[in-house]
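> next input, structure requested:
(one chain, ligands or ions: 1)
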Amino acid sequence: MAVIVLLALICFIGVFPLNGCPIKNGLQDFHMGTFDKIAKEVAGYSDVAQKIIDLAVNGKAQNRSYERLANFTDTVGSRLSGSKNLDSAIQYMYNALKQDGLENVHLEPVKIPHWVRGEEFAMMLEPRNHTLSILGLGSSIGTPKEGITAGVLVVHSFDELHKRAREAKGKIVVFNQPFVSYGETVTYRALGASEAAKVGAVASLIRSITPFSINSPHTGWQDYQPNVPKIPTACITIEDAEMMARMAHRGKKIVIHLKMAAKTFPDADSFNTVAEIIGSKYPEQVVLISGHLDSWDVGQGAMDDGGGALISWEALSLIKDLGLRPKRTLRMVMWTGEEQGGIGANQYYNLHKVNISNFDLVMESDTGTFTPLGIEFTGNGESRAIMKEVMKLLQPINVTELADRGEGTDINMWMEAGVPGASLHVDSSRYFYFHHSDGDTVTVQNPIQMNLCSAVWAVVSYVVADLEEMLPR
Ligand SMILES: [Zn+2]
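Just a heads-up that it's a prediction; the model follows:
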């Protein structure tokens with residue numbers, strides 16, 4: 001033990017030649033030896049990176065991902081889990097990827113939830129008549145045929161609901177929680193109905209999870225808790241939630257009539273859509289690049305997550321068009337059933353985790369394809385140091401940021417199991433303006449921004465897939 005400490009100390013003070021240090025001393029040793037070699041290797045890709053950037057941003061592929069996205073979403077429309085539209089979308093993509101000449105294009109079957117919104121309607125009857133803009137939340141039950149007419153209790157938090165529990169019985173609970181962040185505030189959408197039901201409410205209406213509104217409801221999945229009565233639940237607009245809060249504050253009695261025909265059917269057949277560029281030297285090793293193909297049933301799902309799916313396809317197209325073939329397999333997956341809790345991706349993980357040691361890097365874009373800033377990365381210190389070098393290759397378009405924590409419902413389980421993960425880091429300040437609403441259309445997308453996102457996605461995935469060694473983990 002003492003000898004090891006002494007040798008480590010000698011390494012540290014540099015008596016031994018840097019590369020000849022006989023002992024592993026973690027990140028420090030890595031930086032003194034292996035790292036220099038890898039950094040040089042990565043820097044050697046600057047010409048290839050420039051070629052990818054030129055093709056994507058100024059060359060023949062300019063605006064291609066945007067045009068493909070517009071064509072796809074204008075043709076197919078929204079793509080809710082279990083819907084005919086989602087089936088058409090998967091068929092459309094399967095054909096398009098084959099036609100593009102990508103390899104191993106195939107579909108992997110998954111059972112996914114099948115919830116249908118049906119007709120829905122909400123009207124404030126007291127203190128005055130006013131039609132509320134609503135969207136039922138995914139997995140909500142419907143109301144009885146004649147609807148529910150009940151008085152309203154407005155609360156701003158779960159705490160307030162618990163304090164005023166006695167007032168909730170027989171009421172429609174309206175949550176007017178402020179938007180803090182999506183991650184924090186979405187709890188109200190996920191748990192609001194069950195929390196309201198626990199104190200005897202007959203329905204719940206949740207202020208849409210968004211920082212911005214033009215009277216737009218924003219839907220999303222919700223979860224009934226076990227052993228709690230199921231009550232109908234929908235989202236309302238910021239405007240209506242705030243107005244009802246003001247009315248309640250003035251002591252006005254509020255009455256709402258709510259009618260929803262939502263229904264859940266048995267799970268439906270669906271597929272994850274896969275295409276590859278097969279690796280030349282280590283074909284069994286994989287860099288996975290992804291977005292999800294399903295969407296909500298409002299708008300066109302162009303932003304969430306048409307953009308992420310389409311730049312993932314574009315990355316493979318760019319690499320193929322340049323005649324490049326990385327050492328490892330580059331695998332693109334368009335997930336199904338993401339909006340219901342990453343159903344397609346979870347099944348994919350369970351089926352493929354037996355090969356987890358061959359997964360080099362998992363990537364997902366699902367926070368919009370706006371102006372890219374870099375990537376968010378999860379991995380150990382050594383792989384982070386390598387990724388920093390990779391990001392330098394994107395200097396020509398000034399997209400070099402390596403932020404903390406890769407994220408994405410569809411890749412989280414891989415990262416939790418120790419596989420390095422990356423998500424596209426964009427200026428997402430407007431993302432939740434449109435998220436899960438009728439406003440999520442191609443109009444939100446910008447071809448120039450998508451060119452840049454595609455370039456980042458292609459350079460990062462190609463270079464990592466082509467390095468001699470897998471990322472350390
Ligand atoms: Zn999404």
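> could you list the buried residues of the strand or helix carrying A245?
Assessed by DSSP states H and E, A245 sits inside helix 238-249. For helix 238-249, a neighbour-count test (16 or more other CB atoms under 10 Å) marks I238, E239, D240, A241, M243, M244, A245, M247, A248 as buried. In this view, the C-beta of every residue, glycine as well, is placed from N, C-alpha and C.
> what sits against the closest residue to the fourth one other than its chain neighbours?
Sequence neighbours aside, R207 is the residue nearest to A241 in space, at 3.7 Å (criterion: CB to CB, 6 or more residues apart in numbering). The neighbours of R207, taking CB atoms under 8 Å, 6 or more residues apart in numbering as the test, are V174, F175, N176, Q177, Y188, C235, I236, T237, I238, A241, E242.
> likewise for D404?
Contacts of D404 (CB under 8 Å, 6+ apart): E376, F377, T378.
> how about T233?
With the criterion set at CB under 8 Å, 6+ apart, T233 makes contact with G136, L137, S140, G192, A193, A196, A203, S204, L205, I206, Q222.
> quick check: closest non-adjacent residue to the residue of the stretch 151-300 of the chain found nearest the ion.
Proximity of the stretch 151-300 of the chain to the ion (CB to the ion) peaks at H292, 5.6 Å away. Leaving aside its sequence neighbours, H292 sits nearest to E338 (CB to CB, 6+ apart; 3.6 Å).
> just give me the neighbour total for that neighbour.
E338 is flanked by 29 other residues according to other CB atoms under 10 Å.
> W221 touches G342, doesn't it?
No - counting by CB atoms under 8 Å, W221 sits too far from G342 to count as a contact (10.4 Å).
> G291 in helix, strand or coil?
Following DSSP: H, G, I helix; E, B strand; the rest coil, the label given to G291 is strand.
> average model confidence for stretch 82-89?
When pLDDT is averaged over stretch 82-89, the result is 98.
> what do you get for stretch 156-167?
Averaged across stretch 156-167, pLDDT comes to 98.
> the closest residue to the ion within the stretch 1-150 of the chain sits in which helix or strand?
Here the stretch 1-150 of the chain gets closest to the ion at one residue, R79, 11.3 Å apart by CB to the ion. For R79, there is no enclosing helix or strand under DSSP H and E.
> which residues does it contact?
The contact partners of R79, by CB under 8 Å, 6+ apart, come to N85, L86, A89, L293, D294, S295, G301.
> ok, V333 next?
Neighbour list for V333: N272, T273, V274, L288, I289, S290, S312, A345, Y348 [criterion: CB under 8 Å, 6+ apart].
> which helix or strand contains it?
V333 belongs to strand 328-335 when assigned by DSSP H and E.
> helix or strand next in line after that strand, which one?
Following strand 328-335 in sequence order, the next helix or strand is helix 343-352 (DSSP H and E).
> quick one: which helix or strand includes V274?
Secondary structure from DSSP H and E places V274 in strand 263-277.
> elements contacting that strand?
helix 84-99, strand 103-116, helix 307-321, strand 328-335, helix 343-352 (3 or more CB pairs under 8 Å, 6 or more residues apart in numbering; DSSP states H and E).
> what does this structure put close to the ion?
D304, D305, D366 (CB under 5 Å from the ion).
> by neighbour count, which of the residues you listed wins?
Neighbour counts for the residues of the chain next to the ion peak at D305, which has 30 neighbours (criterion: other CB under 10 Å).
> correct me, but that residue touches G291?
Yes - between D305 and G291 there is a contact under CB under 8 Å: 4.8 Å.
> overlap of the contact sets of these two?
By the contact definition CB under 8 Å, 6+ apart, D305 and G291 are jointly contacted by S365, D366.
> centroid-nearest residue for the chain?
Taking CA atoms, centre = their mean, the centroid of the chain lies closest to D366, which sits 3.1 Å from it.
> how close does that residue get to H435?
11 Å (CB to CB, to the nearest Å).
> overlap in contacts, the two.
Common contact partners of D366 and H435 (CB under 8 Å, 6+ apart): D304.
> let me see the backbone angles for S383.
The main-chain torsion angles of S383 are listed as degrees, to the nearest 10 and equal phi -70, psi -30.
> any idea which helix or strand comes after the helix or strand containing V390?
Assigned by DSSP H and E, V390 falls within helix 381-392. Remark: after helix 381-392, the chain's next helix or strand is strand 401-404, criterion DSSP H and E.
> flag every buried residue along that following strand.
By 16+ other CB under 10 Å, the buried positions in strand 401-404 come out as L402.
> just put the residues of the chain next to the ion in TSV and tack on pLDDT.
Shown next, in TSV, are the residues of the chain next to the ion (pLDDT from 0 to 100):
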residue	pLDDT
D304	98
D305	98
D366	98
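> quick one, phi psi at L293?
Backbone torsions of L293, given as degrees, to the nearest 10, read phi -90, psi -30.
> for it, which non-adjacent residue is spatially closest?
M334 (4.1 Å).
> thought that neighbour was touching Y94?
No - in this structure, M334 is not within contact of Y94 by CB under 8 Å, at 9.7 Å.
> show me how far stretch 110-130 is from its chain's centre.
Using CA atoms, centre = their mean, to the nearest Å, the distance from the centre of stretch 110-130 to the centre of the chain it belongs to is 25 Å.
> can you give me the end-to-end span of that stretch?
43 Å (CA to CA, to the nearest Å).
> about what we covered before: run through who's touching the helix holding A245.
For helix 238-249, contacts defined as CB under 8 Å, 6+ apart pick out 124, 127, 130, 132-133, 152-154, 156, 174-176, 205, 207-208, 210, 212-213, 215, 254.
> now, which of these lie within helices?
Residues of these located in helices (DSSP state H): none.
> out of the contacts of D404, which is most surrounded?
Counting neighbours by other CB under 10 Å, F377 leads these with 28 neighbours.
> low-confidence bits of this protein, can you list those?
Along the chain, the parts satisfying pLDDT under 70 run over 1-26, 29, 31-32.
> please identify the buried residues of the longest helix along it?
For the chain, the helix with the greatest residue count under DSSP H is helix 447-466. Neighbour counts using 16+ other CB under 10 Å place 449-466 of helix 447-466 among the buried residues.
> and if you look at stretch 90-98?
Buried, per 16+ other CB under 10 Å, within stretch 90-98: I90, Y92, M93, Y94, A96, L97.
> list the contacts of the fifth one.
Spelled out, that is A96. Residues in contact with A96 (CB under 8 Å, 6+ apart) are R68, F72, W313.
> how close does T34 get to E469?
Counting by CB to CB, the gap from T34 to E469 is 8 Å.
> now swap in L153 and tell me
60 Å.
> leaving out the residues flanking it, which one is nearest to V333?
Of all residues not flanking V333 in the chain, S290 sits nearest, at 4.5 Å (CB to CB, 6+ apart).
> number of nearby residues for that neighbour?
S290: 28 neighbours (other CB under 10 Å).
> need phi/psi at P283.
phi -60, psi -20.
> test my guess that it contacts R328.
Yes - counting by CB under 8 Å, P283 touches R328, with 7.5 Å between them.
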